[in-house]
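Chemist: task: produce atomic coordinates for the following.
(one chain, ligands or ions: 2)
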Amino acid sequence: HVESMAQLPSGAGKIQRLNAVILGEALASEEDDLVLPSEEFSSQAHVSSPRQYLEMYSRSIQDPAGFWSEIGSQFYWKETWAPEVVSENLDVRKGAVKIEWFKGALTNICYNALDRNIEAGYGDKVAIYWEGNELGQDGQLTYKELLEKVCQLANYLKSVGVGKGDAVVIYLPMLMELPIAMLACARIGAVHSVVFAGFSAESLAQRIVDCKPKVVITCNAVRRGSKPIHLKDIVDNALVESTKNDVPVGLCLTYENPSAMKREATKWQDGRDVWWQDVVPTFPTECPVEWVDAEDPLFLLYTSGSTGKPKGVLHTTGGYMVYTATTFKYAFDYKPSDIYWCTADCGWITGHSYVTYGPLLNGATVIVFEGAPNYPDVGRCWDIVDKYKVTIFYTAPTLVRSLMRESSEYVTRYSRKSLRVLGSVGEPINPSAWRWFFNVVGDSRCPISDTWWQTETGGFMITPLPGAWPQKPGSATFPFFGVQPVIVDEKGNEIEGECSGYLCIKNSWPGAFRTLYGDHERYETTYFKPFAGYYFTGDGCSRDKDGYHWLTGRVDDVINVSGHRIGTAEVESALVSHPQCAEAAVVGIEHEVKGQGIYAFVTLIEGVPYSEELRKSLILTVRKQIGAFAAPDKIHWAPGLPKTRSGKIMRRILRKIASRQLDELGDTSTLADPGVVQQLISLSDC
Ligand code: ATP
Ligand code: MG
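Modeler: Ligands and ions are numbered 1, 2, ... in the order given. Okay, here's the model as predicted:
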């Protein structure tokens, strides 16, 4: 045991110390910030102790090929890989960056998610429960039924000439047809590019021009909350735009979503537009699988665009399949009896890896929710949890913070007894939001998996295994199997022990992206050149005395006040710990004396008025928690914050507002609500 820990990259001694805590040997009383999983939870978990984690982790690092081929062999491969499991070069100084896992093997991810599970006896198990926007509007598909629907669409796509390697753009809301469309593409080896159905025609057109799809799949309209959105009109405009850019698309397959809009009211272009319901159901419910190489592309997906223009991330088949399935199983301690709900839209990586592929590969029952978490009121999530007896609930800090603004009565009026694991993704979760999620939503019973990962990483990278580790609110804890996070300084030297710096990853993992679509040079420049020899994540991270990882925000957002480097997350978490503050975003502004000053945007708990007294009290909270050097120079009251459509705070826009560079706001196309920007500008002098 001690021998195996010697192989851990860093912080191993600290982990050993913590291990002692768990084994009840010492220290527990020192650590009042630790939240331990109950014995009842741990004893039934896949990984039930730090010791077990450490053994598996060490093996995954010492012998990645052996570790992953063992897990890989639980999937179906038409032909196995040869000769090696992994071949990689992450070091630009040694030549082109190349990552390959299971190369030469033939498989199909749709087959593994559906046919394989049906053969294993899950045919009549519910694969998807669909909950519509309106209360009482719902549906469901068993694994067998889902396979039939997927096959019909796959056969239709083949009939119109879509084949292996062809791109298909999917612009659909959270209907069951969205995962169906993804799986149908995968079944025939086509490459899907899902575009979140909240993007403008312009953003959609850009993505169409980039990947030149044979078909665009959409629906005529959707209701989100009380608002109907005419998706087909947006697609029409995007297709006019793409045609101008020499990318005409010959076929627009349109699903009729009658609860939002009747077909007669839909604008139509004969010859190009086809109703899904008119053609797809006429095709056979069986469709042979296209076997693809493990390294053949599975999908193309753009990042959220928090830091600038979105990047077209390309994932391949075999490694992604093994990695998403494995991370899902361990990070959520998944068991066949679970009912799993992830609130993310399939337009984001979270919806790819942890609504569609990861869960279905495990034979899980998944909830697909079309609506909004605040419609008809902010208790909707818990209504859904009770209705389907959800056991694993995975969401984003932005949702937690927005619900935290409201009375907890919206939560406590529901039972939520079925819940056993909670999850968070997208941004650092502030410790006070973590505690609210844990205490109020989870009744202090459910461990929280705070999963740190990226579109680029395909799956979880740093995450608690809920039965293994004591948790620290706000920390993503430890790396997943096979992942070697390192913290480096400005010069790219690895720093050991308790430290703070740039988060990089050493060596590849199966779910890693293989390139930026059509631009391998940008792939190398963005991710592998900043710190030669490593994958650079763009995020800052600190490691504490126990070896726990704390994400501190994007390194581009780090603020340097009189020589103190301050991560945005730290100051924001201090502000959010104030009982009247629901959400905060801080940015640096030029400061004559200090170099940079701290400018904080704050959103208050519902009904709390902004006042001079509150301003002072917010500043005092930061002074007390972090120190006088981190005290904000300016507090800007923000009834709403600019966020990406995936719910992340866009600090680059806030920086421009803070420094009054209003004509340099940059690309705002991925903003969820552009109106927020004007509102903030008008409140600048409050
Ligand atoms: P872009 O790369 O276009 O700016 P983005 O980075 O927001 O967009 P994603 O790939 O969706 O696009 O998000 C990944 C990023 O989200 C991470 O790099 C990190 O900054 C943040 N993140 C995700 N999960 C967590 C988490 N659990 N804790 C802290 N930060 C997280
Ligand atoms: Mg990013």
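Chemist: which residues of the stretch 501-650 of the chain fall in strands?
Modeler: Using DSSP state E, counting those that start in this stretch, the strands of the stretch 501-650 of the chain run over 515-516, 535-543, 549-554, 559-561, 564-566, 581-591, 595-604, 634-637.
Chemist: is the longest one in proximity to ligand 1?
Modeler: No - with CB under 6 Å from any ligand atom as the measure, strand 581-591 is seen stopping short of ligand 1, the closest distance being 13.5 Å. All C-beta spots, glycine's among them, are computed from the backbone N, C-alpha and C.
Chemist: give me the sheet partners of that strand and which way each runs.
Modeler: Applying DSSP bridges, strand 581-591 is found paired with strand 595-604 (antiparallel).
Chemist: rounded mean pLDDT for the partner strand, please.
Modeler: The average pLDDT for strand 595-604 rounds to 96.
Chemist: list the buried ones in that strand?
Modeler: Buried residues in strand 595-604, counted by 16 or more other CB atoms under 10 Å: 596, 597, 598, 599, 600, 601, 602, 603, 604.
Chemist: ok, so of those, who is nearest residue 283?
Modeler: The nearest member of the buried residues of strand 595-604 to residue 283, counting by CB to CB, is residue 603 at 49.5 Å.
Chemist: my guess is the closest one contacts residue 640, does it?
Modeler: Yes - assessed by CB atoms under 8 Å, residue 603 is found in contact with residue 640 at 7.0 Å.
Chemist: quick one on the thing from earlier: ok, of the buried residues of strand 595-604, which one's closest to ligand 1?
Modeler: Distance to ligand 1 across the buried residues of strand 595-604 (CB to the nearest ligand atom) is lowest for residue 601, with 17.9 Å.
Chemist: please tell me how far the closest residue to that closest one other than its chain neighbours sits from residue 300.
Modeler: Setting aside the residues directly before and after it, residue 601 is nearest to residue 638 in space (CB to CB, 6 or more residues apart in numbering), at 4.2 Å. Separation of residue 638 from residue 300 (CB to CB, to the nearest Å): 35 Å.
Chemist: so residue 163 sits in a helix?
Modeler: No - applying DSSP: H, G, I helix; E, B strand; the rest coil, one finds residue 163 to be coil, outside a helix.
Chemist: quick one: it and residue 190 touch, right?
Modeler: Yes - when contacts are counted by CB under 8 Å, residue 163 is listed as touching residue 190 (7.0 Å).
Chemist: the two: which has the busier surroundings?
Modeler: residue 190 (25 against 12; other CB atoms under 10 Å).
Chemist: what's the pLDDT at the more buried one?
Modeler: So, for residue 190, pLDDT stands at 98.
Chemist: now do the contacts for the spatially most central residue of the chain.
Modeler: Residue closest to the mean C-alpha point of the chain, counted by CA atoms, centre = their mean, is residue 350 at 3.5 Å. Applying CB atoms under 8 Å, 6 or more residues apart in numbering to residue 350 gives the contacts 342, 344, 394, 425, 426, 646.
Chemist: got the contact list for residue 175?
Modeler: 130, 219, 222, 255, 257, 368, 370 are the contacts of residue 175 under CB under 8 Å, 6+ apart.
Chemist: for the closest residue to residue 465 other than its chain neighbours, which residues are in contact?
Modeler: Spatial nearest neighbour of residue 465, excluding adjacent residues (CB to CB, 6+ apart): residue 47 at 4.6 Å. By CB under 8 Å, 6+ apart, residue 47 lies in contact with 53, 56, 330, 333, 465, 467, 468.
Chemist: can you classify residue 51 by secondary structure?
Modeler: helix.
Chemist: quick one, what contacts residue 72?
Modeler: Contacts of residue 72 (CB under 8 Å, 6+ apart): 81, 85, 102, 318, 322.
Chemist: wait, the fourth one touches residue 297, no?
Modeler: If I follow you right, that is residue 318. No - at 11.4 Å, residue 318 does not count as touching residue 297 under the criterion of CB under 8 Å.
Chemist: the more surrounded of these two?
Modeler: residue 318 (30 against 22).
Chemist: list the residues that contact residue 320.
Modeler: Per CB under 8 Å, 6+ apart, neighbours of residue 320: 109, 298, 353, 357, 458, 459, 510, 511.
Chemist: tell me which of the residues you listed fall in helices.
Modeler: residue 109 (DSSP state H).
Chemist: can I get the contacts of residue 320 in a markdown table with pLDDT and neighbour count?
Modeler: Listed next are the contacts of residue 320 as a markdown table, based on pLDDT from 0 to 100; neighbours: other CB atoms under 10 Å:
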| residue | pLDDT | neighbour count |
| --- | --- | --- |
| 109 | 98 | 28 |
| 298 | 98 | 29 |
| 353 | 98 | 28 |
| 357 | 98 | 30 |
| 458 | 98 | 30 |
| 459 | 98 | 31 |
| 510 | 98 | 27 |
| 511 | 98 | 29 |
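Chemist: would you mind writing the CA trace of stretch 616-631 as PDB?
Modeler: What follows is stretch 616-631 as a C-alpha-only set of coordinates in PDB (Å, rounded to 0.1, in the frame of the first residue of the first chain):
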ATOM      1  CA  LYS A 616     -19.700  48.100   3.400                       C
ATOM      2  CA  SER A 617     -20.700  44.800   5.000                       C
ATOM      3  CA  LEU A 618     -19.900  42.900   1.700                       C
ATOM      4  CA  ILE A 619     -16.400  44.400   1.700                       C
ATOM      5  CA  LEU A 620     -15.900  43.600   5.300                       C
ATOM      6  CA  THR A 621     -16.800  40.000   4.700                       C
ATOM      7  CA  VAL A 622     -14.000  39.700   2.100                       C
ATOM      8  CA  ARG A 623     -11.500  41.500   4.400                       C
ATOM      9  CA  LYS A 624     -12.300  39.100   7.200                       C
ATOM     10  CA  GLN A 625     -12.200  35.900   5.100                       C
ATOM     11  CA  ILE A 626      -9.200  36.600   2.800                       C
ATOM     12  CA  GLY A 627      -7.500  39.700   4.000                       C
ATOM     13  CA  ALA A 628      -7.500  43.400   3.500                       C
ATOM     14  CA  PHE A 629      -5.500  43.100   0.200                       C
ATOM     15  CA  ALA A 630      -8.400  41.300  -1.400                       C
ATOM     16  CA  ALA A 631     -11.100  43.800  -0.400                       C
END
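Chemist: contacts for that stretch, please.
Modeler: Against stretch 616-631 from outside (CB under 8 Å, 6+ apart): 561-562, 564, 566, 570-571, 574-575, 577-578, 580-581, 598, 600, 602, 632, 635.
Chemist: test my guess that residue 587 contacts residue 596.
Modeler: No - here residue 587 lies out of contact with residue 596, judged by CB under 8 Å, at a distance of 9.4 Å.
Chemist: pull up the overlap in contacts between those two.
Modeler: residue 559.
Chemist: just list what the helix or strand where residue 129 lies packs against, helices and strands only.
Modeler: Secondary structure assignment for residue 129, by DSSP states H and E: strand 126-131. In this structure, strand 126-131 packs against strand 138-142, helix 143-159, strand 365-369, helix 380-388, with contacts taken as 3 or more CB pairs under 8 Å, 6 or more residues apart in numbering; DSSP states H and E.
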